[in-house]
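Enquirer: 3D, please:
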Amino acid sequence: MCQGGAHHPQQEAPVSEAHTIGLDLAKHVFQAHGADASGRVVFRKRLRREGVLEFFAGKPPCVVAMEVCSSAHHWARALAELGHTVRLIPPAYVKPFVKRQKNDAADAEAICEAAQRPTMRFVALKSEAVQANAVVFRARDLLMRQRTQTINALRGHLAEYGMVAAKGPAQVRKLVKHLEDAGSGVPEAARQMLRVLAEMWNVLEKQIALLDREISRRAREQEDIQRLTPIRARGSARPQQRCKSRYSTCRTVSDHCTTDGLVQSASAGRAAVKPGASGAPLRGCGA
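Expert: Numbers count the residues shown, from 1 in each chain. Prediction:
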């Protein structure tokens, strides 16, 4: 503010001077924050989705940083093809750098600042083939959770009529047989609704078996997986999950596979790992 009371905003440097750009991804409107090598703000800009690639195509090669999310690897591949160096950061490592109320501009600035930290750890860029290979595991995980929910519903409803079975999905068939027995004591109105759950459970069993066969087929086609197959596990899912030999540390493997296990520590703004969270994909495969 000058002596006359007028406020003059800090003039931003030319966009071409940007050394690092923090890009906050969104469905429609993106936010970009550029800084030079010293960290000085070069520009702040909102970008429509259809204009993102055009904007970066007109920029000299620089470092473009993004938080890891569902679409981050897609945009990272596209920006890398334009000659930029892409850095993907787990959200928990960005959060300590948010200086004010969370919004798109603050997030983009935090991403840019985090990317310039010399000790920052980044997530490896996934190819389309790697992402496609992961879909079968995510689909299987979803179906297994739905199967568990359906089984729990069947157990709970039938327990109201005094029918119980031992733990485990294999014991559910004994409960389903009660639905076909007119003398089981289950009212007809309840039996009709429970048949819907039983049919849903049966469909889920078939779909999970189909995905298990697909995982086994892919395992037979990959040499790296074949070398890991002797590892004691249920089926071929676990060796495929563990085939990460190209990474230098276990932390890098975990960041590449999932960022769900990362949480914000309450002390000193440090990012920490939630106990057991990063091992969830392996536990689901018999780890």
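Enquirer: where do the helices of the stretch 51-200 of the chain begin and end?
Expert: Using DSSP state H, counting those that start in this stretch, the helices of the stretch 51-200 of the chain run over 52-57, 72-81, 91-94, 104-115, 128-159, 172-180, 188-221.
Enquirer: for Leu23, give the beta-bridge partners.
Expert: Leu23 forms beta bridges with Ala32, as assigned by DSSP bridges.
Enquirer: so what's it up against?
Expert: 30-33, 64-66, 75, 108, 111 (C-beta atoms under 8 Å, 6 or more residues apart in numbering). Where C-beta positions appear, they are placed from N, C-alpha and C, glycine not excepted.
Enquirer: the residues you listed: which two are farthest apart?
Expert: Based on C-beta to C-beta, the longest span within the contacts of Leu23 runs between His33 and Trp75 and measures 15.4 Å.
Enquirer: who's more crowded, the two?
Expert: Here His33 and Trp75 are set side by side on neighbour count (other C-beta atoms under 10 Å), and the busier one is His33, at 26 against 20.
Enquirer: identify the bridge partners of Arg46.
Expert: With DSSP bridges as the rule, Arg46 is bridged to Gln31.
Enquirer: and it, what does it touch?
Expert: By C-beta under 8 Å, 6+ apart, the residues touching Arg46 are 29-32, 104.
Enquirer: quick check, nearest of the contacts of Leu23 to Arg218?
Expert: Nearest to Arg218 among the contacts of Leu23 is Trp75, at 26.8 Å by C-beta to C-beta.
Enquirer: against Gln101, how distant is that closest one?
Expert: The spacing between Trp75 and Gln101, counted by C-beta to C-beta, to the nearest Å, is 25 Å.
Enquirer: cool, and Ala114?
Expert: According to C-beta to C-beta, Ala114 and Gln101 sit 18 Å apart.
Enquirer: between those two, who's got more neighbours?
Expert: Ala114 (23 against 6).
Enquirer: about what we covered before: show the buried residues in the contacts of Arg46.
Expert: 30-32, 104 (16 or more other C-beta atoms under 10 Å).
Enquirer: got the phi/psi numbers for Gly58?
Expert: Main-chain torsions, Gly58, degrees, to the nearest 10: phi -90, psi 10.
Enquirer: what is the neighbour count of it?
Expert: Neighbouring residues of Gly58 were enumerated by other C-beta under 10 Å; the total is 10.
Enquirer: can you check Gly22 too?
Expert: 29.
Enquirer: in contact with the residue lying closest to it once chain neighbours are set aside, which residues?
Expert: Distance criterion C-beta to C-beta, 6 or more residues apart in numbering; nearest residue to Gly22, sequence neighbours excluded, is Cys112 at 2.9 Å. Cys112 makes contact with 20-22, 33-35, 65, according to C-beta under 8 Å, 6+ apart.
Enquirer: just these: which are in strands?
Expert: Per DSSP state E, strands hold the following members of those: 20-22, 33-35, 65.
Enquirer: follow-up on the earlier one: ok, which of the helices of the stretch 51-200 of the chain comes nearest Arg44?
Expert: Arg44 lies closest to helix 104-115 among those, at 6.2 Å (C-beta to C-beta).
Enquirer: quick one: the closest one to chain centroid distance?
Expert: From the chain centre to the centre of helix 104-115 is a distance of 20 Å (C-alpha atoms, centre = their mean, to the nearest Å).
Enquirer: same question, stretch 128-148
Expert: Worked out by C-alpha atoms, centre = their mean, stretch 128-148 lies 12 Å from the chain centre.
Enquirer: also stretch 103-116?
Expert: Distance of stretch 103-116 from its chain centroid, counting by C-alpha atoms, centre = their mean, is 20 Å.
Enquirer: returning to that earlier point: among the buried ones among the contacts of Arg46, which two are most distant?
Expert: Those two in the buried ones among the contacts of Arg46 that are separated most widely, counting by C-beta to C-beta, are Ala32 and Asp104, at 9.8 Å.
Enquirer: still on that earlier bit, which single one of the buried ones among the contacts of Arg46 is nearest to Phe137?
Expert: Phe30 (29.2 Å).
Enquirer: hmm, Arg49 and the closest one touching each other?
Expert: Yes. The pair Phe30 and Arg49 passes the contact test of C-beta atoms under 8 Å, sitting 6.7 Å apart.
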